[in-house]
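>>> Predicted coordinates and the sequence they were generated for:
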Amino acid sequence: MKENSPKIIENFKELAKLSDYSFVEKLNSDPDAKFNAENKMPREVFSGHYVSVKPTPIKDPVYISHSKNFFKELGFSEALIKSDDFIKMFSGEISKVPQPMKDTGWATGYALSIYGTEYYAQCPFQTGNGYGDGRAISILEAVLNGKRWEFQLKGAGRTPYCRGADGRAVLRSSVREFLAQEHMNSLNVPTSRSLTLFTSKKEQVSRPWFRNNSYSKDPELMIEEDVAITTRVAPSFIRVGQVELFGRRARKNEHSEALKELEMIVLHLIDREYSKEINQDLKLEEKVILLAKQFQNRLTSLVANWIRVGYCQGNFNSDNCAAGGFTLDFGPFGFIDMFDPRYQPWTGGGLHFSFFNQPQAAFENYQSFISALKPLLKSTPNSLQELEIVEKEFPKTMQREIENMWANKLGLDEFDSNLFNELINLMIETKVDYTIFFRELSNLPSSIEELEKSFYSNSFENENLKSRWSIWLNRWKEKIEKESKEELSRKMKLVNPKYTLREWHLVPAYQEAQNGNYKLVRELQEVMTNPYDEQSKEIEVKYYAKKPSDYFGLAGISHVSCSS
Ligand SMILES: Nc1ncnc2c1ncn2[C@@H]1O[C@H](COP(=O)(O)OP(=O)(O)OP(=O)(O)O)[C@@H](O)[C@H]1O
Ligand SMILES: [Mg+2]
């Protein structure tokens, strides 16, 4: 028992000793950084994998929450969250950290493809050289209990990639990201992790938003919001877009080191995210093929998991797609209430990133990733061909993952397309609450009435619909009959969460936080980090509930216009 429990890091000095910045040391830094005093103005970054940037701290940081679970996993003592040095660091003040910690952070450039099309327009210089981490700054790498982690502040001020924006994140979006990220982990879906959440009452920034009780799809005014910094943690923050940036430069031979820099970032990605699966001694081309296969496995499994838990990443561009195959960027996200395959919570996102289109969006990102790898195989045509074969397998792999996921959600040994298609039709026609429906189904109901609490409309007035539901339920029951009832119900409840983080739960939590009351944020954190468990009656009444009808179509609840 003892051997497995992590070594506890009692204080900040011990944490400092464990820092180890191999990222910064192995990769190329932007050679122009030294000519720019602070690197906080938009400018083109032509080469190098990262730019050194000092974060801009938020003044008089106010603690809102930290992840107790993740502290435990890292071996962080709870005392750390009370330490002034720790609070300073994770609210952006790193100028006086003890060595070997570094007193500068780093931001990385990345490219943008939207649904597989390369974009340059979002870069202020129209070259792509000014696009990247505009407000995310990594500040620490450390090996903790044998595992390497990168710590990144979101909302820590301007970088060369800020494009003239303020480099800040507001309290609203930071509360959403902090909670959703931890929730995702507790749903057993791979994700970057939340460490801490701090706000400041001393700085406000403006964001486009809606009037109260508005139904507008477009933002109607600018509102002032307090700033905040969340720290997220992952083995790396390499995005598909980042590999693409170097892939594009190599393809166009933009400078003499371009191909070398692509190779470096790809090998680095393998080191950081795929070292277990890909042997160090293989040749470059073999590594590239394995990377393509492994990323395919992870990405397809990730998207199947998102659908399983009702999550929609409303802006699944290549720059929001982590090359390690985990969830990244909890901005324009939503957890679905009423089932609709076209659900898209973010008004800026478009239908191509809607709920059931996520597998296709993932494929587009995957193709962008593969294109970025191709320059590395120019001199090995056989490997290039093999890579293209792997690429073409994506839809099949995705299909397999999705079908397995549906089979598990329904407690079946095997996917049954007839049963599934009829269910989807019924769910759409009846307007069911996605989470409640599958959780109630996990109780193995004997009649369709037992599922009614997940229905938004009074469907049983429609005899035809009612009889179709009964037929469906009977057919489903025939399929599951072989198993022990208790065991099956238990298994289904492990994949069908009882609690998901709905927007109308988040709204009062961040609104109260804006007033200095963090009780709801902490309550939501507690509930949503145990999403599969039965919790108290009071919690059930409050959170295991359909979206109230007044909220349908309401701006800020049913859809968001600004995720930052
Ligand atoms: N307030 C801001 N100041 C500077 N840059 C910003 C700001 N908001 C967004 N950006 C940048 O705009 C780009 C697109 O934003 P997007 O909403 O996808 O990302 P994000 O939520 O900031 O960050 P991430 O993907 O790092 O979680 C990103 O490169 C991001 O860094
Ligand atoms: Mg983003």
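Thanks, I have the structure now. Ligands and ions are numbered 1, 2, ... in the order given.
>>> Mind listing what's buried along stretch 180-197?
Neighbour-count burial for stretch 180-197, counted by 16 or more other CB atoms under 10 Å, picks out 180-187, 189-197. All C-beta atoms are positioned from the backbone trio N, CA, C, and that covers glycine.
>>> typo on my end, stretch 96-111
Taking 16+ other CB under 10 Å as the basis for neighbour counts, the residues of stretch 96-111 that come out buried are 97, 101-102, 104-111.
>>> Equivalent analysis for stretch 83-91, please.
Neighbour-count burial for stretch 83-91 [16+ other CB under 10 Å]: 83, 85-91.
>>> And for stretch 325-340?
Buried-residue list, stretch 325-340, by 16+ other CB under 10 Å: 325-339.
>>> quick one: which two of the residues you listed are the most distant?
Comparing all pairs in the buried residues of stretch 325-340 by CB to CB, the longest separation belongs to Gly325 and Met338, at 29.3 Å.
>>> and which of the buried residues of stretch 325-340 is nearest ligand 2?
Of all the buried residues of stretch 325-340, the one sitting nearest ligand 2 is Asp329; the distance, using CB to the ion, is 4.0 Å.
>>> list the contacts for that closest one?
Asp329 makes contact with 313, 315, 320 under the criterion CB atoms under 8 Å, 6 or more residues apart in numbering.
>>> what's around the first one, how many residues?
Pointing back at Gln313 there. Taking other CB atoms under 10 Å as the neighbour definition, Gln313 ends up with a count of 27.
>>> from the buried residues of stretch 96-111, which ones fall inside strands?
The members of these that map onto strands under DSSP state E are 105-107.
>>> Show me what residue of the chain gets nearest to ligand 1.
With CB to the nearest ligand atom as the measure, Gly134 is the residue of the chain nearest to ligand 1, at 2.3 Å.
>>> mind checking pLDDT for that residue?
You'll see Gly134 listed with a pLDDT of 98.
>>> how about the strands of the protein, start to end?
For the chain, the strands defined by DSSP E cover 51-53, 62-66, 105-107, 112-114, 117-119, 136-144, 147-154, 169-170, 193-209, 221-234, 311-313, 333-335.
>>> Help me see whether stretch 53-72 makes contact with ligand 1, please.
No: counting by CB under 6 Å from any ligand atom, no contacts exist between stretch 53-72 and ligand 1, the nearest distance being 11.1 Å.
>>> If you count neighbours, what's buried in that stretch?
Of all the residues in stretch 53-72, those buried under the rule 16+ other CB under 10 Å are 53-58, 61-62, 64-67, 70-71.
>>> Tabulate the residues you listed (JSON lines), appending distance to Leu299.
Written out in JSON lines, the entries for those read as follows (distance: CB to CB, whole Å):
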{"residue": "Val53", "distance to Leu299": "29"}
{"residue": "Lys54", "distance to Leu299": "34"}
{"residue": "Pro55", "distance to Leu299": "31"}
{"residue": "Thr56", "distance to Leu299": "34"}
{"residue": "Pro57", "distance to Leu299": "36"}
{"residue": "Ile58", "distance to Leu299": "34"}
{"residue": "Pro61", "distance to Leu299": "36"}
{"residue": "Val62", "distance to Leu299": "38"}
{"residue": "Ile64", "distance to Leu299": "32"}
{"residue": "Ser65", "distance to Leu299": "30"}
{"residue": "His66", "distance to Leu299": "30"}
{"residue": "Ser67", "distance to Leu299": "25"}
{"residue": "Phe70", "distance to Leu299": "24"}
{"residue": "Phe71", "distance to Leu299": "29"}
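>>> want to throw these into CSV with pLDDT?
As requested, the buried residues of stretch 53-72 are arranged in CSV below (pLDDT from 0 to 100):
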residue, pLDDT
Val53, 96
Lys54, 96
Pro55, 98
Thr56, 98
Pro57, 98
Ile58, 98
Pro61, 98
Val62, 98
Ile64, 98
Ser65, 98
His66, 98
Ser67, 98
Phe70, 98
Phe71, 98
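>>> which of the buried residues of stretch 83-91 lies closest to Glu225?
Here the nearest of those to Glu225, counting by CB to CB, is Ser91; it sits at 16.8 Å.
>>> Spatially nearest residue to that closest one (excluding sequence neighbours)?
In space, and not counting its chain neighbours, Ser91 is closest to Pro61: 3.6 Å by CB to CB, 6 or more residues apart in numbering.
>>> My guess is that neighbour contacts Ser200. True?
Yes: with contact defined as CB atoms under 8 Å, Pro61 reaches Ser200; the gap is 5.9 Å.
>>> where do the contact lists of these two overlap?
Ser91.
>>> coming back round to it: which members of the buried residues of stretch 180-197 additionally contact ligand 2?
Here nothing survives when the buried residues of stretch 180-197 are matched to ligand 2 using CB under 5 Å from the ion.
>>> now, which of these lie within helices?
Of the positions in the buried residues of stretch 180-197, 180-186 sit in helices, assigned by DSSP state H.
>>> Identify, from these, the entry nearest to Ile307.
Comparing these against Ile307 with CB to CB picks out Met184 as the nearest, at 13.4 Å.
>>> What residues are bridge-paired with the nearest residue to the closest one once chain neighbours are set aside?
For Met184, ignoring the flanking residues on the chain, the nearest one in space by CB to CB, 6+ apart is Thr191 at 4.1 Å. According to DSSP bridges, the partner residues bridging Thr191 are Thr327.
>>> Confirm for me that Thr191 is in contact with Gly324.
No: checked against CB under 8 Å, the pair Thr191 and Gly324 is beyond contact range at 10.3 Å.
>>> which regions of the chain lie under the pLDDT threshold?
In the predicted model of the chain, residues 1-4 satisfy pLDDT under 70.
>>> mind redoing it with 90?
Within the chain, the stretches falling below the threshold (pLDDT under 90) are 1-6, 22-25, 36-38, 347-350, 457-462, 481-483, 561-564.
>>> hang on, the earlier thing: report the contact partners of the residue of the chain closest to ligand 1.
Applying CB under 8 Å, 6+ apart to Gly134 gives the contacts 107, 158-159, 161-163, 165, 167.
>>> By neighbours, which of those wins?
Per-residue neighbour counts (other CB under 10 Å) across these peak at Thr159, which has 32 neighbours.
>>> doesn't Pro55 make contact with that residue?
No: with contact defined as CB under 8 Å, Thr159 does not count as touching Pro55 (9.2 Å).
>>> Can you report how many residues lie near Ile428?
When neighbours are counted by other CB under 10 Å, Ile428 registers 14.
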